[in-house]
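**Q** All I have is the shape, not the residue letters:
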Ligand code: SAM
Ligand code: SF4
């Protein structure tokens, strides 16, 4: 929806305000303003100019809107969503709201949703259903659905038809409009829908309330233009647009000054960072080379796309220091033919060549990946190519998924002749291999001393501390509570498939930045 359509939408809302969330079917009017994902249309968008806004402020008329009120946000999906939740929490707090840990205590509930697979969406619909009784008990409660699902026309139509007690639906491009959306929801008798597909904006200076003070996420870019044939993200997150390097460097410096120990740079395809700049030649390698000079002990990034992973980045990562020796490099399939149908734009051989270069430059690197099994028409031989590639690369871990068709994506139109039992059986075989190689990687740590960033008490035992190594391995160990928030040396006494046990040997000296 563009700005003009949004205004028209508000006018339609105003005109209909007497029939408060009645059993009326809104879908006809809604289809007028929101178009279903269209690959052809979406691919034209690269030509739109990126608009940078540095002047985010809470409008004066909304100051104090949240006084005496509490908010609750439930987050589904990836780190990007987690970080969006931190921004929305920042906006709520700036409006005077207080956070709460329970839905019963909240005056506003937001579900920040994920659209990546069907089961992620089903969970959200289940939750909206559960919240109905609370909404009936507390009519003044505002219930909102935001995040990636809100960017899908079919989802918005379903909510408009089936869950008419929802008060607000807004998309991933509309987060900065939260004060206006809340204001409208308090006044309006209609569901407030703001799914605005103006995709070219980068909004700076948004307030944030980060979860914890040890690790922080920093967005370096938004959106994705890769259009892998199975993926909904380019439609829900909009076009690729990079934050300016000076904004990122300043944010990381501030985090370092506040004592954060680790930052993770975020983007759907971080290796495309800077490709949209028209005035400077500046990529992820250049950014990492500047960030590594900042006095912060650990820097990571996610997610990489193999196609855009260039030699300069490898050269910079090889400098080590605070740049961590773990790279998450989603491959999706080990078969060149399947990769072609997925539109991943690399072959098995090109991927293996990239891995060879990374290992040559960073011999101690840990590689992890994402894999989809049961792609439409995937043959047994093609699946076995995935298994053989997994062994050949020697991944230390992987996120594995059964292919899930997403409406509007090219793959959803493909005929799929792989029965669900076969897909499940392939996932099981792949997971057996993932477990085997993870256990092997862990075994190598037995008796070693590793550096662990201590995040807090272990979930299962408050007498045990937990943290992560530079390669992102979970370590549970005995040590003093004063170690929390620090990087300490831990001797590994037991290696399990997915975690390590150990005992602290000493605290590390502060990092020396080269
Ligand atoms: N941008 C990243 C990339 O290119 O690897 C990852 C984005 S996505 C949030 C994370 C993972 O979800 C993907 O790497 C892919 O393995 C998986 N995924 C995406 N769409 C999927 C679908 N339709 N069915 C199953 N898995 C999917
Ligand atoms: Fe989706 Fe990642 Fe492909 Fe972009 S690069 S379309 S986010 S899988």
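**A** Right, received. Where do you want to start? Here the structure is a predicted model, which means the values were calculated and not measured. Numbers count the residues shown, from 1 in each chain. Ligands and ions are numbered 1, 2, ... in the order given.
**Q** residue boundaries of the helices in the stretch 351-500 of the chain?
**A** Counting by DSSP state H, counting those that start in this stretch, the segments of the stretch 351-500 of the chain that form helices are 380-393, 420-443.
**Q** hang on, residue 135 packs against residue 141?
**A** Yes: using C-beta atoms under 8 Å, residue 135 makes contact with residue 141 at a distance of 5.6 Å. Just so you know, the C-beta spots here come from the backbone N, C-alpha and C atoms, and that holds for glycine as well.
**Q** Show me which residues of the stretch 101-250 of the chain sit near ligand 2.
**A** 224, 226-228, 231, 233-234 (C-beta under 6 Å from any ligand atom).
**Q** can you narrow those residues to ones near ligand 1?
**A** Answer for these near ligand 1 (C-beta under 6 Å from any ligand atom): 231, 233.
**Q** Among the residues of the stretch 101-250 of the chain next to ligand 2, which lie within helices?
**A** The helices, defined by DSSP state H, take in 233-234 from those.
**Q** Dump the residues of the stretch 101-250 of the chain next to ligand 2 into CSV; add pLDDT, neighbour count and distance to residue 356 as well.
**A** Shown next, in CSV, are those (pLDDT from 0 to 100; neighbours: other C-beta atoms under 10 Å; distance: C-beta to C-beta, whole Å):
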residue, pLDDT, neighbour count, distance to residue 356
224, 93, 22, 26
226, 93, 18, 23
227, 94, 16, 27
228, 96, 22, 24
231, 95, 22, 27
233, 91, 22, 29
234, 91, 24, 29
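**Q** Could you export the residues of the stretch 101-250 of the chain next to ligand 2 as JSON lines, including distance to residue 408?
**A** What follows is those, written out as JSON lines (distance: C-beta to C-beta, whole Å):
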{"residue": "224", "distance to residue 408": "15"}
{"residue": "226", "distance to residue 408": "16"}
{"residue": "227", "distance to residue 408": "11"}
{"residue": "228", "distance to residue 408": "13"}
{"residue": "231", "distance to residue 408": "11"}
{"residue": "233", "distance to residue 408": "12"}
{"residue": "234", "distance to residue 408": "10"}
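**Q** What is the neighbour count of residue 254?
**A** Neighbourhood size, residue 254 [other C-beta atoms under 10 Å]: 11.
**Q** Between the residues of the stretch 101-250 of the chain next to ligand 2, which sits nearest ligand 1?
**A** Nearest to ligand 1 among those, counting by C-beta to the nearest ligand atom, is residue 231 at 4.4 Å.
**Q** Leaving out chain neighbours, which residue sits closest to that closest one?
**A** Excluding the flanking residues, the one nearest residue 231 by C-beta to C-beta, 6 or more residues apart in numbering is residue 409, at 6.4 Å.
**Q** looking at it, the one you found is touching residue 232, isn't it?
**A** Yes: Residue 409 lies in contact with residue 232 (C-beta under 8 Å); the separation is 6.0 Å.
**Q** More neighbours: these two, which one.
**A** Neighbour count, other C-beta under 10 Å: between residue 409 and residue 232, residue 232 has more, with 24 against 20.
**Q** Quick check: that one touching residue 410?
**A** No: taking contacts as C-beta under 8 Å, residue 232 lies outside contact range of residue 410: 11.3 Å.
**Q** which ones among the residues of the stretch 101-250 of the chain next to ligand 2 are found in strands?
**A** For those, membership in strands holds for none, with DSSP state E as the criterion.
**Q** ok, of the residues of the stretch 101-250 of the chain next to ligand 2, which one's closest to residue 296?
**A** residue 224 (26.8 Å; C-beta to C-beta).
**Q** Would you mind listing what in the stretch 1-150 of the chain touches ligand 1?
**A** 78, 116-117.
**Q** Near the residue in the stretch 251-400 of the chain that ligand 2 sits nearest to, how many residues? Count them for me, please.
**A** For the stretch 251-400 of the chain, the residue closest to ligand 2 is residue 268, as judged by C-beta to the nearest ligand atom, at 4.0 Å. When neighbours are defined as other C-beta under 10 Å, residue 268 has 21 of them.
**Q** so who does it touch?
**A** Residue 268 is in contact with 80, 221-224, 226, 233, 237, 303, counting by C-beta atoms under 8 Å, 6 or more residues apart in numbering.
**Q** what about it, is that helix, strand or coil?
**A** coil (DSSP: H, G, I helix; E, B strand; the rest coil).
**Q** So it versus residue 286, what's the distance?
**A** 20 Å (C-beta to C-beta, to the nearest Å).
**Q** And the average pLDDT for stretch 159-172 is what?
**A** For stretch 159-172, the mean pLDDT works out to 94.
**Q** I misspoke; the intended subject was stretch 446-456.
**A** Here the average pLDDT along stretch 446-456 is 97.
**Q** With stretch 470-482 instead?
**A** On average, stretch 470-482 scores 96.
**Q** just stretch 341-360 next, same as before
**A** 98.
**Q** Does ligand 2 have contacts with it?
**A** No: Stretch 341-360 lies out of reach of ligand 2 by C-beta under 6 Å from any ligand atom, never closer than 7.3 Å.
**Q** and the helices of the stretch 351-500 of the chain as TSV, adding distance to ligand 1?
**A** Rendered in TSV, the data for the helices of the stretch 351-500 of the chain read as follows (distance: least, C-beta to the nearest ligand atom, whole Å):
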stretch	distance to ligand 1
helix 380-393	12
helix 420-443	10
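**Q** So the residue of the stretch 251-400 of the chain closest to ligand 2 versus residue 471, what's the distance?
**A** 23 Å.
**Q** same deal with residue 424?
**A** Residue 424 is 30 Å from residue 471, by C-beta to C-beta.
**Q** So those two - more neighbours on which side?
**A** Per other C-beta under 10 Å, whichever of residue 424 and residue 471 has more neighbours is residue 471, with 19 against 13.
**Q** ok, now which ones touch the residue nearest to that one when sequence neighbours are not counted?
**A** Of all residues not flanking residue 471 in the chain, residue 366 sits nearest, at 3.9 Å (C-beta to C-beta, 6+ apart). Taking C-beta under 8 Å, 6+ apart, we find residue 366 in contact with 325-327, 396, 441, 471-472.
**Q** If we use 6 Å, what do you get?
**A** Applying C-beta atoms under 6 Å, 6 or more residues apart in numbering, we find residue 366 in contact with 326, 396, 471.
**Q** what does residue 393 give?
**A** 355, 367.
**Q** per-residue pLDDT, it?
**A** Per-residue pLDDT puts residue 393 at 98.
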